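requesting a structural model of the entry that follows:
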Amino acid sequence: MTLIGWVQILLYCAIIVALTPVLGGYMTRVFNGERTFLTPILRPVELALYRAAGIDEKREQSWLAYTVGMLLFHVGGFAILYALMRFQAGLPFNPADQSAAAPDLTFNTAISFITNTNWQNYGGEGTMSYLTQMLGLTHQNYLSAATGIALAVALIRGFARHSVQTIGNFWVDITRCTLYVLMPICIVATLFLVWQGMPQTLGPYIEATTLEGAKQTIAVGPVASQVAIKMLGTNGGGFFNANAAHPFENPTALSNFVQIILIFALGAALTNVFGRMVGNQRQGWAILAAMGVLFIAGVALTYWAEAHGNDIINAMGLSGGNMEGKETRFGIAASALFAVITTAASCGAVNAMHDSFTALGGMVPLINMQLGEIIVGGVGAGMYGMLLFVIIAIFVAGLMVGRTPEYVGKKIEAKEVKMAMLAILILPLMYLGWTAVAAVNPQALTQLGNSGPHGFTEMLYLYTSSTANNGSAFAGITANTMFFNITGAIAMFVGRFMMIIPTIAIAGSLASKKSVPASLGTFPTTGALFVGLVVGVIVIVGGLTFFPALALGPLVEQFAMVAGTTF
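Have a look, this model is predicted:
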């Protein structure tokens, strides 16, 4: 580890903390329907969209109507994206003459992008036309990100409101998020990325002649506009197969640093939105502090492991840390930081191959996802995921003192705790269950790039990443098969929507409750004790899901032996 490496990490943390109240204040005004500096420009557009869609912005919805609207919205998104991929060969903006994607791959990809997972069983430059990349993938990058933020705001309203039956209007929330938050930032980010050397063109792929006289095709396209929302919306789906390790998708160290700022910016700001909406910004800072403790621990361990390298290689005199699978223009510190950020935030973009990390270095991204990606997390998803753990932590605190737990003026009762546990337990059900099935499937085992524990981790990482809606991969596995496409899509769908439904049910339940004034017996939720309790609950509950995953390897190996297969 080096001083400059730690300077990068600490500078990054300082910038995120500085941006949090600025973006948080702006987003609070947006979702409260208050005037912002963009209102004179965007308000006419907003009203025109409402009139065209027949939406009354003043009419709010119950939690059930809010959820049903969200689900139907994504059914439409799935249909549009599926059709684009299947018919892209006959559609315009296809200079590379890309053919239609296979039905199972199309199904997996459509589910992937509507769930904000952006898992990719294909190479973008060799599979997708410009139209599919823009109208299909980039389009869903905006909408899936806006959905996550809207759902987080709906849950925050549940804590902030009292004695009401509504939590907002889904159509209004997703419109305002897209217009006032995502698009303005992405326009600026796109121009910056183009300045850094990222392509943004509808021109055909470039044919070049190498020094040896051979012909080489250089893929280009509307890259910068997709990368901007890919990072800001914590989507992670790359225009190119190599994702953010590709020089056209991440040209410089500066572009790399700005991209990781985009990943955390809105997720961190939502903690401030929470504090502002419940009337106490210290509540939001306490949640961000809990996230920060886990984040710094993960970065320190990953950076140390990668900087230390492999003992066998070091014994050969090849010191300097583990540079396998990393870009020299980024180095170990920026690669380790990127890996922790992208898996803590449900982004899934990669600037280095996680499959080439050391054992400890690769373990941290896996743990981040198995915790539910609540360390800042995906835009919106991280915030409502963290609030689920807060509910559990408050419940535990209530058990300790023998009184009904309270949080920001709301009594946390059995219904909320049951819904929170249901949402949390969805994750291990999917990634442990499908990993066990894959480990005894002979056809699935033939797709592993490695045998033994590393091969098992490739499968576990695949289903963990899918269920957690992350999208990054232990890249040794060949996942573009019927089995992995279908089972991975199921994991993505369940991991997204089966977690959302109980979460929004909690929002409706809390909004209908009366506000309870704090008393001498109320557990304080803005200090170090509360932060420590939340971190402890996350580690314990996460451990109950992570350690079974470690034990699952030997268990399924025994089943595999009985079935006559090995991995």
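
check what pLDDT the residue of the chain most remote from its centre gets.
In terms of distance from the mean C-alpha position of the chain, Gly213 ranks first, at 43.4 Å (Cα atoms, centre = their mean). You'll see Gly213 listed with a pLDDT of 85.

what's the spacing between it and Thr175?
Computed with Cβ to Cβ, to the nearest Å, the distance linking Gly213 and Thr175 is 55 Å. From N, CA and C alone the C-beta is placed, and that goes for glycine too.

same thing with Ile218?
Distance from Ile218 to Thr175, by Cβ to Cβ: 38 Å.

mind checking which of those two has more residues around it?
Shown here are Ile218 and Thr175; by other Cβ atoms under 10 Å, Thr175 has more neighbours (20 against 11).

was I right about the more buried one contacting Glu46?
Yes - between Thr175 and Glu46 there is a contact under Cβ atoms under 8 Å: 6.1 Å.

give the contact list for the residue nearest to the spatial centre of the chain.
Closest residue to the average C-alpha location of the chain: Ser346 at 1.8 Å, with Cα atoms, centre = their mean. Contact analysis of Ser346 by Cβ atoms under 8 Å, 6 or more residues apart in numbering lists 116, 234, 236, 373, 377-378, 381-382, 468-470.

could you identify which of these has the most neighbours?
Highest count within these by other Cβ under 10 Å belongs to Thr234, 38 neighbours.

which SS class is that one?
With DSSP: H, G, I helix; E, B strand; the rest coil as the basis, Thr234 sits in coil.

quick check: it touching Thr343?
No - using Cβ under 8 Å, Thr234 makes no contact with Thr343, being 10.8 Å away.

for Ala208, phi and psi?
phi -120, psi 160 (degrees, to the nearest 10).

tell me the contacts of it?
215-218.

same question for Ala475.
Neighbours of Ala475 in contact, by Cβ under 8 Å, 6+ apart: 353-355, 449.

among the residues you listed, which two are most distant?
Spatially, the most separated pair among the contacts of Ala475 is His354 and Gly449, at 12.6 Å (Cβ to Cβ).

give me the more crowded residue out of the two.
More crowded of His354 and Gly449, by other Cβ under 10 Å: His354, with 24 against 13.

check the gap between the more buried one and Arg35 for me.
In terms of Cβ to Cβ, His354 sits 44 Å off from Arg35.

how about the residue farthest from the centre of the chain, phi and psi?
phi 90, psi 0.

now the helices for the stretch 301-450 of the chain?
All helices of the stretch 301-450 of the chain, identified by DSSP state H, counting those that start in this stretch, fall at 311-315, 331-344, 359-370, 381-401, 414-439, 442-445.

and the fifth one, what other elements does it pack with?
It refers to helix 414-439. helix 359-370, helix 381-401, helix 442-445, helix 452-467, helix 482-511, helix 528-563 (3 or more Cβ pairs under 8 Å, 6 or more residues apart in numbering; DSSP states H and E).

what strand or helix carries the spatially closest residue to Phe31 that is not a sequence neighbour?
Sequence neighbours aside, Val153 is the residue nearest to Phe31 in space, at 5.0 Å (criterion: Cβ to Cβ, 6 or more residues apart in numbering). With elements taken from DSSP states H and E, the one containing Val153 is helix 139-160.

related to what we said a few turns ago, what is the nearest of the contacts of Ala475 to Val273?
His354 (31.1 Å).

I'd say that closest one and Gly362 touch.
Yes - under the criterion of Cβ under 8 Å, His354 makes contact with Gly362 at 5.7 Å.

common neighbours of the two, please.
Joint contacts of His354 and Gly362 (Cβ under 8 Å, 6+ apart) are Phe474.

strands of the stretch 151-300 of the chain, start to end?
Ranges of strands in the stretch 151-300 of the chain, per DSSP state E, counting those that start in this stretch, are 206-209, 215-218.

CSV for those, including distance to Thr404?
Formatted as CSV, the strands of the stretch 151-300 of the chain follow (distance: least, Cβ to Cβ, whole Å):
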stretch, distance to Thr404
strand 206-209, 66
strand 215-218, 64
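
nearest to Ala518, of those?
Among the strands of the stretch 151-300 of the chain, strand 215-218 sits nearest to Ala518 (Cβ to Cβ), with 62.5 Å.

which helices and strands does the helix or strand hosting Phe113 pack with?
Under the criterion of DSSP H and E, Phe113 resides in helix 103-114. If you count contacts as 3+ Cβ pairs under 8 Å, 6+ apart, helix 103-114 packs onto helix 63-87, helix 139-160, helix 482-511.

and those, which is most packed in?
helix 139-160 (a mean of 26; mean count of other Cβ atoms under 10 Å).

quick one: mean pLDDT over it.
Helix 139-160 comes out at a mean pLDDT of 93.

before we move on, what about stretch 74-94?
Mean predicted confidence for stretch 74-94 is 94.

ok, stretch 194-207 next?
Rounded mean pLDDT across stretch 194-207 is 93.

next one, pLDDT for the closest residue to Ser112 other than its chain neighbours please.
Distances taken as Cβ to Cβ, 6+ apart place Trp119 nearest to Ser112, at 4.6 Å, with adjacent residues excluded. On pLDDT, Trp119 comes in at 90.

wait, Trp119 sits on Gly471?
Yes - between Trp119 and Gly471 there is a contact under Cβ under 8 Å: 4.5 Å.

please enumerate the shared neighbours of those two.
By Cβ under 8 Å, 6+ apart, the residues touching both Trp119 and Gly471 are 112, 348, 465.

show me the shaky parts of this structure.
Across the chain, the ranges flagged by pLDDT under 70 are 318, 543-567.

now do the contacts for the residue nearest to Phe31.
Val153 touches 31, 168, 173, 270, 273, 380, counting by Cβ under 8 Å, 6+ apart.

quick one: which of those residues is nearest Thr209?
When the contacts of Val153 are compared against Thr209 (criterion: Cβ to Cβ), the nearest one is Gly380, at 47.7 Å.

surely the closest one meets Leu270?
Yes - counting by Cβ under 8 Å, Leu270 is a contact partner of Gly380 at 6.7 Å.

can you list residues touching both of these two?
149, 152-153.

how about the residues you listed in CSV, adding distance to Gln8?
Output for the shared contacts of Gly380 and Leu270, formatted as CSV (distance: Cβ to Cβ, whole Å):
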residue, distance to Gln8
Ile149, 28
Ala152, 29
Val153, 32
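
tell me the one of those nearest Gln200?
Ile149 (25.4 Å).
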